[in-house]
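[1] Would you be able to build a 3D model of this:
(chains A and B)
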Amino acid sequence: MDTTLLFQLVLNGLIVGALYGVVAMSFVLIYKASQVVNFAQGEFLLVGAWVCWWMLTTWQLPFWAGFLVTLAFMTLFGILLQIIVLRPLIGEPVISVIMATVGLSIFFQALMKWMFGVFAQPFPPIFTSERMRVMGLEVQTVYIASLGVSALIMLGFWWFFTYSKHGLAMRATAFDQQVAQSLGVSVPKVFAMSWAISAVVSTVAGVVVGVVNGVSSALSFYGIKVFPAVILGGLDSIVGAVLGGLIVGVLENLAQYVDAQWLNWGNMYQIAPFYALILILLIKPYGLFGTRNIERV
Amino acid sequence: MTSMTPAGDFRSSYRADTTIFPTRSSMMATIAGVALLCAAPLVFGRYELGLLITIGFSAIAALGLNILVGFTGQISIGHAAFFGFGAFASALLVEYHVPVPLAIWGAGLMTAVVGLVFGAPAARLKGLYLAIATLAAQFILEDFFARARWFSGGVAGRVTEPYELFGLRLDREETYFYVVLAHVVVMFLAAGNLMRTRDGRALIAVRDHYLSAEMMGVNLAYYRTLSFGIASFFAGVAGALYAHYLLFVSVEAFNILYSIQFLAMIIIGGLGSVMGSMMGAAFMVLLPEVVQAGADLLAGSAIDRTLRLGASISFLREMAIGAAIILFLIFEPDGLAHRWKMIKAYWKLYPFSH
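    As a prediction, the model looks like this:
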């Protein structure tokens, strides 16, 4: 058994998992605040990364400026999506809301392919040194930066929901919409804000992945990988989403390792999380930290 | 959705309320419609017939999905995987010298069994948890198709035989059209009749209020799983028809986008409407044609040159699908079937529409 490889894979898993965790967190944010299961989460990464790439290449902006413009654009994008598409569907059955986000997902995926082509485009280099050594392992600088960014976002979420006024309003809305409304919280504003924050946070993850692997439509697959993560952690738990993301990241790397060493089936990297997903749904459908919904007849 | 029965149209017995056709003239209209379709090969060319065949098997699959989603209220995002399973299963049965007409139904049964297996979690799950579980089923089955060479021929795909009945080879569009038409009629009658039985009403009860349904003695786990089985059966038959039309089945066709197209068909057609499945299938099959026609119309013009319409027609089609789903959900959530009823009611009741 190759321990160095194993160690490297676990580290890779944690780095990718942290990104999954960030995306899962923003997914859970939307679900908690507005009870919408967002199948278009991956498109937030995709659109954000493409817009940032466009700013950096076509408009030749420095990275920080392009990044800020992208974040501003995505804030608007999230709010507009919520107002135009999701708001008319409040009170409709689950299937309608799910299908609306699925429709958005198809639409923006195709739009991005139309506007920017189907080939992966590399970001202009941002860091001066390509690699660095951490505890005897070769790691790309971008990965370390991405881990740092993920940790920073998670810390930001924690601060936002514990101390800021808007974060508390959001938690109140998630807890009980009517009570929140009667206490003076503007529920439509909270919905729009949750979509804006979710879009922005996903965009950060999208740009990080774009810097590492180049921008391509593969980014939208992160939106699908989010499902095993959030189901594992519990659909309405932010802590669970982070943990679920980390576990899924490690799991897919380990599955790939097991596959390469003994099974030789191929493609385990992509599929293993979905087997895990089915298993969790059968055993513990509310995940590790989700709220149990008890119904009796 | 409010009932569209006009005032003055009374039913005095349960029997009259559960007829498959509400009036005699609607039955006649349906029979006339089918008879008219029988003449289609005389009028249309091969391309148009191909579209009609595609509408036919898509409508069967959409009808199955509508029984699951529209009538039982269970969500499935993996319908194309079951459709694909039916296609491969039929090709496999033909490989073992089962005649094609039997293989189509055999493939339906095999798919139903697989559907029951994947439907087992449905006994416990509902709503979006189920949606996510079926999403996983989609990826797992897709992976299985690519991996299992004995079943699907692996990534190379599998070649299969044309439809043959009593020594007649029905392999051209003109002849295969009748095969699809016959299956469509059988399946739609079967679905229409299912909704008149106790089982059909139980499915609707599960959708409308599952707690009340359980209190009235409807076994939730049984009916949720059963509905998955039925939906998969329809998908399997439709997939088999697809396989014997193209005579070649390969993995790439049954991706998640195809699953979403089936969902789009029933949403656009109308959830919980048998005829709506047909309208939705027709809409979704013809939509890319309309996009293509639009692009052709603009070909060579300034718009075409700046936006590269011709080169990116496949993306435009996908965008049209996404946009159609969203627009229908916002502006016509009850689908084309509802709109059709409104139009009929308008003409029937004009000028006093109340």
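[2] which SSE is the nearest residue to A:Lys32 once chain neighbours are set aside in?
    Using Cβ to Cβ, 6 or more residues apart in numbering or on different chains and skipping residues adjacent in sequence, the residue nearest A:Lys32 is A:Ala174, 4.3 Å away. Using the backbone N, CA and C atoms, a C-beta is placed for each residue, glycine as well. Using DSSP states H and E, A:Ala174 maps to helix A:165-175.
[3] who are the neighbours in contact with the residue minimising distance to the centre of chain B?
    Nearest to the mean C-alpha position of chain B, by Cα atoms, centre = their mean, lies B:Ala62 at 1.4 Å. B:Ala62 makes contact with B:262, B:265-266, B:269, B:277-278, B:280-281, according to Cβ atoms under 8 Å, 6 or more residues apart in numbering or on different chains.
[4] Could you report the pLDDT at the closest residue to B:Ser273 other than its chain neighbours?
    Once flanking residues are discounted, B:Ser273 sits nearest to B:Ala337: 3.8 Å by Cβ to Cβ, 6+ apart. Note on B:Ala337: pLDDT of 83.
[5] what do you get for B:Ala81?
    Each residue has a pLDDT score; the one for B:Ala81 is 91.
[6] ok, now how distant is the residue lying farthest from the centre of chain B from B:Ala16?
    Going by Cα atoms, centre = their mean, the residue of chain B most distant from its centre is B:Ala302, 39.0 Å out. Using Cβ to Cβ, to the nearest Å, B:Ala302 is found at 61 Å from B:Ala16.
[7] Please apply the same query to A:Ala49.
    Going from A:Ala49 to B:Ala16 by Cβ to Cβ gives 61 Å.
[8] what does B:Gly153 give?
    Look at B:Gly153 and B:Ala16: by Cβ to Cβ, they are 52 Å apart.
[9] more crowded one of those two?
    Between B:Gly153 and B:Ala16, B:Gly153 has the larger neighbour count (other Cβ atoms under 10 Å in any protein chain shown), namely 21 against 10.
[10] Test my guess that A:Gln41 contacts A:Val28.
    No - in this structure A:Gln41 lies outside contact range of A:Val28 using Cβ atoms under 8 Å: 10.1 Å.
[11] State the number of residues packed around B:Ile303.
    B:Ile303: 11 neighbours (other Cβ under 10 Å).
[12] what pLDDT does it get?
    With respect to pLDDT, B:Ile303 scores 73.
[13] one step back: tell me which residues of the helix holding A:Ala174 are tucked away?
    Buried residues in helix A:165-175, counting neighbours by 16 or more other Cβ atoms under 10 Å in any protein chain shown, are found at A:167, A:169-174.
[14] As PDB, could you dump the C-alpha coordinates of that helix?
    Below are the C-alpha coordinates for helix A:165-175, written out as PDB (Å, rounded to 0.1, in the frame of the first residue of the first chain):
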ATOM      1  CA  LYS A 165     -28.600  41.900  12.400                       C
ATOM      2  CA  HIS A 166     -29.400  40.500   8.900                       C
ATOM      3  CA  GLY A 167     -28.100  37.100   9.800                       C
ATOM      4  CA  LEU A 168     -30.400  37.000  12.800                       C
ATOM      5  CA  ALA A 169     -33.300  38.100  10.700                       C
ATOM      6  CA  MET A 170     -32.500  35.300   8.300                       C
ATOM      7  CA  ARG A 171     -32.400  32.700  11.100                       C
ATOM      8  CA  ALA A 172     -35.700  34.000  12.400                       C
ATOM      9  CA  THR A 173     -37.300  33.700   9.000                       C
ATOM     10  CA  ALA A 174     -36.000  30.100   8.700                       C
ATOM     11  CA  PHE A 175     -37.400  29.300  12.100                       C
END
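[15] next SSE after it?
    Sequence-wise, the next helix or strand downstream of helix A:165-175 (DSSP H and E) is helix A:177-182.
[16] Show me which parts of that following helix are buried, residue by residue.
    A:177, A:180.
[17] do the same with stretch A:48-59
    Going by neighbour count (16+ other Cβ under 10 Å), the buried part of stretch A:48-59 is A:48-56.
[18] what does stretch A:69-77 give?
    Result for stretch A:69-77 [16+ other Cβ under 10 Å]: buried residues A:69-71, A:73-75, A:77.
[19] Check stretch A:17-35 too.
    So for stretch A:17-35, counting by 16+ other Cβ under 10 Å, buried means A:17-34.
[20] returning to that earlier point: now, which of the buried residues of stretch A:48-59 lie within helices?
    Assigned to helices by DSSP state H, the following of the buried residues of stretch A:48-59 qualify: A:48-56.
[21] what pLDDT does A:Trp53 get?
    We have a pLDDT of 90 for A:Trp53.
[22] Looks like it contacts A:Gly210 (just checking).
    Yes - counting by Cβ under 8 Å, A:Gly210 is a contact partner of A:Trp53 at 6.3 Å.
[23] Mind listing the shared neighbours of the two?
    Jointly contacting A:Trp53 and A:Gly210 under the rule Cβ under 8 Å, 6+ apart are A:Phe123.
[24] For the residue nearest to the centre of chain B, which three-state class applies?
    With DSSP: H, G, I helix; E, B strand; the rest coil as the basis, B:Ala62 sits in helix.
[25] so where's the chain shaky on pLDDT?
    Because you didn't say which chain, this covers chain A. Low-confidence regions of chain A, defined by pLDDT under 70, span residues A:1, A:127-138, A:264-266, A:293-297.
[26] that's the wrong chain, I meant chain B
    Residue ranges of chain B with pLDDT under 70: B:1-9, B:126, B:305, B:309-310, B:353-354.
[27] try 80
    Within chain B, the segments meeting pLDDT under 80 span B:1-26, B:40-42, B:118-129, B:148-157, B:159-174, B:298-312, B:345, B:348-354.
[28] Identify the residues contacting A:Leu89.
    Contact analysis of A:Leu89 by Cβ under 8 Å, 6+ apart lists A:96-97, A:100, B:329-330.
[29] Over to A:Ala272?
    A:251-252, A:255-256.
[30] Just those residues: which are in helices?
    Judged by DSSP H, the subset of those located in helices is A:251-252, A:255-256.
[31] Most neighbours of all those residues, which one?
    Result: A:Glu252 is most packed of those (other Cβ under 10 Å), 25 neighbours.
[32] my read: it touches A:Phe274, true?
    No - counting by Cβ under 8 Å, A:Glu252 does not reach A:Phe274; the two are 10.1 Å apart.
[33] hmm, back to that, between the ones in helices among the buried residues of stretch A:48-59, which is closest to A:Leu147?
    A:Leu147 lies nearest to A:Ala49 out of these, by Cβ to Cβ, at 18.2 Å.
[34] Next one: that closest one from B:Ile256, what distance?
    A:Ala49 is 21 Å from B:Ile256, by Cβ to Cβ.
[35] A:Ile280 now?
    Distance, A:Ile280 to B:Ile256, using Cβ to Cβ: 21 Å.
[36] And the strands in the stretch 201-350 of chain B, which stretches?
    Assigned by DSSP state E, counting those that start in this stretch, the strands in the stretch 201-350 of chain B fall at B:248-249.
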